[in-house]
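S.K.: let me see the structure of the following:
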Amino acid sequence: MKLVATDFDGTFSLYGGDVPQENIDAVMKWQAAGHKFGINTGRGLSLIGLELAKHPELEPDFLICNNGAVIADKKRHILSSVCLPQSLLADVLFFLIRERGDAPMLVVTEEESLSIHGNPAESLGIPGMPETTLEKAAAREDVVQLSMNCETLEGAQEMERLACEKFPDLVGNINRGYLDLNLAGADKQHGIDRMLKATGWQIAPEDLFVIGDDMNDLPAIEAYHGYTVKAAPKFMRDHAKKVYESVGAMMMENL
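M.R.: Have a look, this model is predicted:
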């Protein structure tokens, strides 16, 4: 049995666009051959669910969401999660409000995404979502991620630096100008590790195919000698074992 874990935005789907048909066709053939297919994304369960609803023929065998903080099976039942301790969450939220003022932010729980001061992901074509207040968000016990659009890669890196210096228990996962803050240990590499442990699947290293296109994919690409797509930034192409035109092309070559 082989296994593919692919990033979604910019890798399996076109960035800000739809999923190419060649990728869908490749998944059908891959799973028909008895192999496993799943998505390894910075999105939460609710937001990746919006995309999968557009393609009901797609039935991933697993979902690694929130940069590895949430693991779900094919029926989207949560197998494991890494939540921010409530005391840490409150401190981080108030810190971010001080640093960013009324800039939009997502508070992502195990199963839903809530917005404070608007939706920072509108540029990705993600529709509106329920709003919450800072006080209500700080009181939750199921928050796995805080997400914001910092506009540029440099802005995201600076915000990551400030937050992680202040709170060493955090890790920043960056995708273009977007910054996700998770509890340390929640990244796409450890997400794959935790998924394999939760499912009990025994996959030989040469049968594990990891592919992504940006900085938050890098830990998994390096750990698993993974792949990237032609449209990825140069630093990703430099780190990848091989560059493919698409996820579908990778799957068909290794079927």
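
S.K.: near Ser87, how many other residues are there?
M.R.: Neighbour count of Ser87, defined by other CB atoms under 10 Å: 9. To be clear about C-beta, it is placed using only N, CA and C from the backbone, and glycine gets the same treatment.

S.K.: mind checking the SS state of Ile174?
M.R.: Assigned state for Ile174: strand (three-state reduction, DSSP: H, G, I helix; E, B strand; the rest coil).

S.K.: with Met148 instead?
M.R.: strand.

S.K.: where's it relative to Ile126, distance?
M.R.: Distance check for Met148 against Ile126: by CB to CB, to the nearest Å, it reads 13 Å.

S.K.: what does the average pLDDT come to for stretch 87-104?
M.R.: For stretch 87-104, the mean per-residue pLDDT is 93.

S.K.: for the stretch 101-250 of the chain, which segments are assigned as helices?
M.R.: Ranges of helices within the stretch 101-250 of the chain are 134-138, 153-166, 188-199, 218-223, 234-239, 247-253, based on DSSP state H, counting those that start in this stretch.

S.K.: alpha carbons of the third one, as PDB, please.
M.R.: Written as PDB, here are the backbone C-alpha positions of helix 188-199 (Å, rounded to 0.1, in the frame of the first residue of the first chain):
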ATOM      1  CA  LYS A 188       2.800  19.200   8.600                       C
ATOM      2  CA  GLN A 189       5.600  16.800   9.400                       C
ATOM      3  CA  HIS A 190       4.300  15.900  12.800                       C
ATOM      4  CA  GLY A 191       0.800  15.800  11.400                       C
ATOM      5  CA  ILE A 192       1.800  13.000   9.100                       C
ATOM      6  CA  ASP A 193       3.500  11.200  12.000                       C
ATOM      7  CA  ARG A 194       0.400  11.500  14.200                       C
ATOM      8  CA  MET A 195      -1.900  10.500  11.300                       C
ATOM      9  CA  LEU A 196       0.100   7.300  10.800                       C
ATOM     10  CA  LYS A 197       0.000   6.500  14.500                       C
ATOM     11  CA  ALA A 198      -3.700   7.200  14.800                       C
ATOM     12  CA  THR A 199      -4.600   5.000  11.800                       C
END
